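**Student:** Model the following, please.
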Amino acid sequence: MLTCLNFICYAQDEKINKNTASINGGTTLLVYSRAGFNYERLLKSSDKRIFSRYYLNAGLGRFVEANGFAPAPIPYGIETALQFIVLTGTGANHLELGTGLSVGFVTFYKFPDPNQETENTITKANFLVGYRFQEKKGMFFRVGAAYPIGLYMGIGVSF
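**Tutor:** Below you'll find the predicted structure:
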């Protein structure tokens with residue numbers, strides 16, 4: 001008796017890693033600079049829509065804000081941010097759009113006397129438009145323009 005076994009293989013979609021971590025930096029020349037760490041959690045993904053991935057982004061960074069060459073108080077401090085980010089496209093090349101809130105714990109010092117410091121908390125809306133090269137798994141690269149950061153660049157990994 002001869003028995004035939006048929007195996008049918010289905011191509012499965014490669015799963016998208018749900019977490020990303022990145023190191024980012026940005027600057028508006030002579031006005032604002034920030035370096036920080038961001039964590040993102042994938043909320044939803046779909047290959048059938050123009051917006052293919054939806055992330056919640058939490059960031060923590062160090063910033064300094066200057067007034068060009070004017071001898072005015074110079075704010076610096078720690079900034080936290082919470083953003084909603086969407087990516088377009090289904091391949092590795094994405095348009096990145098985001099919006100959220102930043103809370104800065106700011107110390108102001110008067111140049112050139114750093115002993116004259118005051119502290120404050122500042123909340124700002126933030127926006128970003130950028131390019132992200134990110135496959136479903138592994139490393140990614142992002143660059144773009146954001147408010148209040150200015151031009152930004154980052155590298156990270158999804159896991």
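**Student:** Pairing partners for the longest strand that the chain contains, with directions?
**Tutor:** Determined from DSSP state E, the single longest strand within the chain is strand 113-134. Sheet pairing for strand 113-134, assigned by DSSP bridges, gives strand 93-110 (antiparallel), strand 138-147 (antiparallel).
**Student:** Where among those is average confidence lowest?
**Tutor:** In terms of mean pLDDT, the lowest-scoring of the strands paired with strand 113-134 is strand 93-110 (a mean of 90).
**Student:** May I have the beta-bridge partners of S45?
**Tutor:** Where S45 sits in a bridge, its partners, by DSSP bridges, are R53.
**Student:** where's the residue nearest the centre of the chain, which helix or strand?
**Tutor:** Centroid check for the chain by Cα atoms, centre = their mean gives N38 as the closest residue, at 5.8 Å. N38 belongs to strand 32-45 when elements are defined using DSSP states H and E.
**Student:** How far off centre is the lowest-mean-pLDDT helix or strand in the chain?
**Tutor:** Using mean pLDDT, DSSP states H and E, strand 113-134 stands out as the lowest-scoring helix or strand of the chain, at a mean of 86. How far strand 113-134 lies from its chain's middle: 13 Å, per Cα atoms, centre = their mean, to the nearest Å.
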